[in-house]
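Q: structural data only, the sequence is not supplied:
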């Protein structure tokens, strides 16, 4: 068994403009990382442009929302469109957005296929997804890649109980919005609070399927591990998932410019390993991770590296 790595050259073509933190250089930094020989055992494939991708998007977003995004996208040569002050739809953003969704779908297919040899997967994609609510683009996100993949795992393969663990420094409000009323979809999130987008209080529990574990500014590895040990991991075990996803944002790193948590690479390795252990014990190892935030290029690369090494260790 091995770990699948999915990405595509077109992800650098999603142009967010000068000075935007969610920039194409994030992909280039990770491309350099994965050229290292330590990652040679990965199975590498390109994120596909699938015929069923728009149908899959409507598992998490209503058709009118998809139609609206399609309708406002700029043509080649036109100016980018801002869907909110931070969320830029450029003339070449559409293919990356569809391939980001497609990566999650294909990762699910491969993890569910007993003949694939794939135990888990990491999707190196942009634009990111976890801030996209059912009917609202925000926070650099158009479509909620991970929620769509979770819904797809349920519809296509009958995974009755699907879990997402999100350790991005910003609360995954979009995933929470989409999962809110469905007791068979679970979200656990650690995040800095107060911080954008302003959601993620412990009182936000959905129908008992939401577990928020907010951290305070300047919290480091010990409070993070305590939140995982006392809240996130017990709630994940109690949910008994059939499939586990990770919203893998690395902007909780101490060097990240957009927030104030103090995590380091060993914290991400530890968290990933703990999630993978639960996936092994309860979900036959079925685990798909999708990239979210992380805006210091060196910290992003180092943190992604230990995250994927933990996935590789779990798949060996």
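A: Thanks, I have it. Keep in mind that what you see is a predicted model, and the values were worked out from it rather than measured. Numbers count the residues shown, from 1 in each chain.

Q: show me the contacts for the most centrally placed residue in the chain.
A: The residue lying closest to the centre of the chain (C-alpha atoms, centre = their mean) is residue 247, at 3.0 Å. Contacts for residue 247 (C-beta atoms under 8 Å, 6 or more residues apart in numbering) come out as 129-130, 146, 164-168, 172, 175, 189, 290, 292. From N, CA and C alone the C-beta is placed, and that goes for glycine too.

Q: ok, what's across the strand from the closest residue to it other than its chain neighbours?
A: Nearest non-adjacent residue to residue 247, counting by C-beta to C-beta, 6 or more residues apart in numbering: residue 166, 3.7 Å away. As for beta bridges, residue 166 partners with residue 189, residue 247 under DSSP bridges.

Q: do you know how far residue 166 is from residue 13?
A: 26 Å (C-beta to C-beta, to the nearest Å).

Q: have a look at the two and say which one is more surrounded.
A: Between residue 166 and residue 13, residue 166 has the larger neighbour count (other C-beta atoms under 10 Å), namely 25 against 17.

Q: give the contact list for the more buried one.
A: 130, 172, 175, 187-191, 246-247, 249, 292.

Q: how about residue 138?
A: The contact partners of residue 138, by C-beta under 8 Å, 6+ apart, come to 83-84, 86-87, 131-132, 174, 197.

Q: residue 12 now?
A: Applying C-beta under 8 Å, 6+ apart, the residues near residue 12 are 24, 27-28.

Q: do residue 186 as well
A: Going by C-beta under 8 Å, 6+ apart, residue 186 touches 161-164, 179, 209-211, 235-236, 239, 241.

Q: how does it look with 6 Å?
A: Applying C-beta atoms under 6 Å, 6 or more residues apart in numbering to residue 186 gives the contacts 163, 209, 239.

Q: again, but for residue 21
A: Residues counted as contacts of residue 21 (C-beta under 6 Å, 6+ apart) are residue 295.

Q: isn't there a helix covering it?
A: No. Under DSSP: H, G, I helix; E, B strand; the rest coil, residue 21 sits outside any helix and is assigned coil.

Q: now it: phi and psi?
A: phi -70, psi -30 (degrees, to the nearest 10).

Q: tell me the pLDDT at it?
A: Residue 21 is assigned 98 on the pLDDT scale.

Q: that one and residue 295: what is the separation?
A: Distance, residue 21 to residue 295, by C-beta to C-beta: 4 Å.

Q: surely residue 120 is in a strand?
A: Yes. Assigned with three-state DSSP, residue 120 falls within a strand.

Q: wait, it sits on residue 311?
A: Yes. Taking contacts as C-beta atoms under 6 Å, residue 120 lies within contact range of residue 311: 5.0 Å.

Q: which residues are in contact with both of these two?
A: residue 3.

Q: about what we covered before: want to throw the contacts of residue 166 into a markdown table with pLDDT and distance to residue 107?
A: What follows is the contacts of residue 166, written out as a markdown table (pLDDT from 0 to 100; distance: C-beta to C-beta, whole Å):
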| residue | pLDDT | distance to residue 107 |
| --- | --- | --- |
| 130 | 98 | 16 |
| 172 | 98 | 18 |
| 175 | 99 | 17 |
| 187 | 99 | 18 |
| 188 | 98 | 20 |
| 189 | 98 | 21 |
| 190 | 98 | 23 |
| 191 | 98 | 24 |
| 246 | 99 | 11 |
| 247 | 98 | 13 |
| 249 | 98 | 17 |
| 292 | 98 | 15 |
